[in-house]
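1. Could you look at this predicted model? Sequence included:
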Amino acid sequence: MRSFSIRKFAAVVLSTVLVMVFLGSSVLYADTTAKTVRVGWYESPFNIIDESGRRSGYAYEYQRKIAAYTGWSYEYVEGTWTDLFGMLEKGEIDMLSDVSYTKERAEKFLYPSIPMGQENYYIYKDSTNPDISAEDLSTLNGKRIGVTKNSIQTGIYRDWAEKRGITTELIELDISDNDSIKMLLNGKLDAFVSLDSYGDVERMTPVATIGSSDFYFAISKSRVDLLNELEPALLAIQSEDHYYSEHLYDKYLDNSGAERYLSTEELAWLTDHGKIRVGYQDNYLAFCACDPSTGELTGALKDYLDYASKGINNAELEFETIAYPTAEAAMTALKNGEIDCMFPANLTIYDGEQMGVVMSHSMMSTEMLAIVRASDQHSFFQQKNITVAVNEGNPNYDLFLKEQFPDWDSAHFTDTPTCLKAVADGKADCVIVSNYRYNNISEICDKLKLTEVSTGVDMDYCFAIKDGNTTLYAIMTKATSIVPESVTHSALNFYATEDSKVTLGEMIRDNLGIIMSVVSAVLLLLLILSIRNVRLVRKNQKGKKQLNDLNQRVNYDALTSVRNKGAFTEYINNVQARISNGESFGVAVSIFDCNDLKKINDKYGHDKGDEYIKNTCHFICTTFRRSAVFRIGGDEFAAVLMNDDFANRDNLIDIFTNEQEAISASASDPWNQLHIAMGMAVYSPDLDKSLNDTIKRADEIMYENKRIWKESRKQ
C-alpha cells in the first residue's frame, strides 16, 4: 500500500470536516430525484466487461460508490479514451474517469477537489525484445514509442526523455490501450507508455518508470450541478474509508510486473552470495517449525518461500532455512551474520532502529487473542491492573505489548504451557497468542479452565534484515510482494490445525477414566441387546451387509471414494425439489475437468493417471470442503455449493486457482501437478428453468476455461 502523505492526510482531515458540514446542512441528500449521468466507458482496468457481460473495474466500482451517496444512475457511453475526452469537451458526455489535472484542461472541464487516485507510468517493451535493456536506457534511442493521444503521459514522457538525453520517435495513438499493446507485440512499436496496470510479465516487461500523477473524475463544464453533488460524495467516501482509492489501486491497477525482475546489481549479489539464509523460530506453528521427522522447515513460512522462490522472472531464488529455539536467538544470529534475515519479526520502526534491523513489508497478519481464566472472560478488560505471561526469548510479544497495551505488565516464563499454568494459578492474568496458534493449546486451556478473548488488535509478521544490507532488502521485497494473500491465508489455516492433531494413544491416555466408563456402559448395553435380539440380528445381518455393499457400489466411485454420477443426479433432484417447493437459498454448481489426463495415461501409464485423478479429487474436496463433491465422469467432477461455501465462492475460486498453481510449481512429477479447468454458475430463476440449466452453463464455462488454458500452453 502507498505511504499516506501529508497532502493526503490534510485532504482526509479536510474531507471529514466538510462531510460533517454537508451532512449537517443536508446538502448531500438535498436532491432526491435520480439523475442519469452519461459516463465514458473505455476498455481498460478502469472499465471491465467479462465474458458474462458483467461490469467491474476501478472507475466502475468507484462510480457505484458515488451513486450510493448521490442516487445517480449511469448511461455508459463506449469509445476510446481519446474519443471520450473529446466528447466530454463538447458536452456529449457528463463525466469521464482517469483524467489528470493540467491548467489547460481546467479551462475545459470541472474538477472536484478530491482525486480518484494516483497512477504510475511505465515504458513497456515486448518481453522477447533483446534490443531494449532496462539496465541501459540509451538502448531506447531511435526506437518507436507509443503513447495515448491527448494523455498526460505524453508530456511526462517528453520531459523524462529530455532530462536523460534520450531521442525517440514518439507516436501518439488514438486507439485503445489493448490495441496499442497488440501493436507492441506485433513489432509495430518498440515500446509503449502506459499505466502500471498493463504489466504482463509473460508478454511485456517494464523498462523504466517515468513518473506519476493524480487523476480525477472530470465533469463537463455544462454540468455544475453534478460537480456540486460529486464533491460531497467524494468527501463522504474519504471519510468512510481514508484508503478507499488505495484499495481500488491494489485491486485493479497494481500489476506492473516490475517487482518480478531483479536488477543487474541484485543478480550479481545473488551470484556472489548464493542461497539466502533464513533463520526462523522453531515450534511456532502455524507459522514455522522444524519438522522432527525430516529436519526441514514446515509451516506457512515454507509455503511462502516456496511460492516466492519461483516468482522472479529472471532468477530462481534459493533459500537455506535454519531453526532457532526462540525468536531472540534468531535475532542474535542475524546480528552476528550467521543468517541473512529472520522470521517472525514484529518491530516498530523505532525498535528496529535500536536493534540495527529493518522490517520487510507485512508477510502475514494474525488476530491476537488473550487467554484468560474462564471466570474472567466477561470482565477481563475492566480490570485495572493486568499482568501478561510472556515466553522468555520472544521479543515480539514484549514489543507488541509496549506498542498496543503499554499499561499492562509482563511476567516471563519458560514456555507457553508454563505461561498458561501461571494464568490458571493467578500468577498472571492472561497470555497473548495468535489466533492461528490457539488450536495448539486448546486442550491445555480446557484442562486449566481457560478461554480466549479477542484483543481487537492484529500483529503483522515480517522478515528482519540487518541495517545496510540494501541489496538483499530489495530482493526480499520483490520476492515476497508477489505472494498472494490467499496463499498465506490458506497455509496458516492448514497448519493451524495440523499441529493440534492428537494420536489415539494420547487421547486414551488423557481421558482413560471417561473412556473406561463409557466402554463399560456400552458393553453392558450391547450384552443385554444381544441376549434379546441375537436371533433377529443373525437373520438380518447378511441382508444388511448385502444392502450396504450394493449401496456403496451404486452411489460411490471406487477410485476416489466420493459419490458418483448417479448420486449427483439424485442430489440435484433433491435440491431442485426444495427450490420448487418455494425454499429460498443460494446454490451454485462447479464443474471440473482434469487437463492432460490422456497425456499422463499414454506416457506414464494408467496407474499414474489414476493417481492424478485422486490428487485432483482430494484438492477439490479440501478446497470446497463444505460442499458435496461427485465424480461424474472419467476425468470430470462436480461440486454443489450452498451455505458457507456459496457465500465465500469468490474467495474459494481465488484459492482454487492460486493453490493449484503453487502445487504445480513445486511438484516435479506431472501426475502430482494440478491442471484443473473449472466452471462455476449460480442458479438464477431468471436464467435457468431448473438446476440442469445451471449445470449446463457451468459446463460451458469450464470448457471455455479449458480452451483458454490450452491456448496459453501453445504460446
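-> Perfect, thanks for sending it. Here the structure is a predicted model, which is why all the values come from computation and not from measurement.

2. Could I get the full set of strands for the stretch 401-550 of the chain?
-> Taking DSSP state E, counting those that start in this stretch as the criterion, the stretch 401-550 of the chain contains strands spanning 409-413, 430-434, 450-466.

3. Distance from the chain centre to the last one, please.
-> Between the mean C-alpha location of strand 450-466 and the chain-wide mean there is a distance of 19 Å, by CA atoms, centre = their mean, to the nearest Å.

4. mind listing what's buried in that strand?
-> Of all the residues in strand 450-466, those buried under the rule 16 or more other CB atoms under 10 Å are 450-452, 455, 459, 461-466. C-beta: built from backbone N, CA, C; applies to glycine.

5. what do you get for stretch 387-405?
-> For stretch 387-405, burial by neighbour count (16+ other CB under 10 Å) applies to 387-391, 393-401, 405.

6. what ranges do the strands span in the stretch 51-200 of the chain?
-> Ranges of strands within the stretch 51-200 of the chain are 55-56, 73-78, 95-100, 109-110, 117-126, 144-148, 169-173, 191-195, based on DSSP E, counting those that start in this stretch.

7. Select, out of those, the one closest to T471.
-> Closest of the strands of the stretch 51-200 of the chain to T471 is strand 117-126, at 22.6 Å (criterion: CB to CB).

8. so that closest one versus strand 144-148, what angle?
-> For the pair strand 117-126 and strand 144-148, the angle between their directions (axes from the mean of the first three to the mean of the last three CA atoms, to 10 degrees) equals 150 degrees.

9. which one of the strands of the stretch 401-550 of the chain lies closest to K163?
-> Between the strands of the stretch 401-550 of the chain, strand 450-466 lies closest to K163; by CB to CB that is 32.6 Å.

10. Let me see the mean pLDDT of that closest one.
-> Per-region confidence: strand 450-466 scores 91 on mean pLDDT.

11. how far does stretch 359-370 sit from the chain's center?
-> On the basis of CA atoms, centre = their mean, stretch 359-370 is displaced by 15 Å from the centre of the chain it belongs to.

12. Kindly report the same for stretch 346-365.
-> The chain centroid and the centroid of stretch 346-365 are separated by 23 Å, computed with CA atoms, centre = their mean.

13. what's the answer for stretch 661-677, then?
-> Taking CA atoms, centre = their mean, one finds stretch 661-677 lying 20 Å from the centre of the chain it belongs to.

14. Dump stretch 564-575 to CSV, restricted to CA.
-> Extracted C-alpha coordinates of stretch 564-575, given in CSV (Å, rounded to 0.1, in the frame of the first residue of the first chain):
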residue,chain,number,x,y,z
ASN,A,564,-20.7,-40.9,-8.4
LYS,A,565,-22.8,-39.6,-11.2
GLY,A,566,-25.9,-41.4,-10.1
ALA,A,567,-25.7,-39.9,-6.7
PHE,A,568,-25.1,-36.5,-8.3
THR,A,569,-28.3,-36.8,-10.3
GLU,A,570,-30.2,-37.8,-7.2
TYR,A,571,-28.7,-34.9,-5.1
ILE,A,572,-29.6,-32.4,-7.8
ASN,A,573,-33.1,-33.7,-7.9
ASN,A,574,-33.5,-33.3,-4.2
VAL,A,575,-32.1,-29.7,-4.3
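
15. which residues touch the nearest residue in space to S127 that is not next to it in sequence?
-> Nearest non-adjacent residue to S127, counting by CB to CB, 6 or more residues apart in numbering: T205, 4.6 Å away. Contacts were defined as CB atoms under 8 Å, 6 or more residues apart in numbering; by that measure T205 touches 124-127, 134, 257, 261, 313.

16. ditto for V589
-> With contacts defined as CB under 8 Å, 6+ apart, V589 is in contact with 638-641, 680-681, 683, 691, 694-695, 698.

17. Quick check: the gap between F494 and T616.
-> Relative to T616, F494 is positioned 18 Å away (criterion: CB to CB, to the nearest Å).
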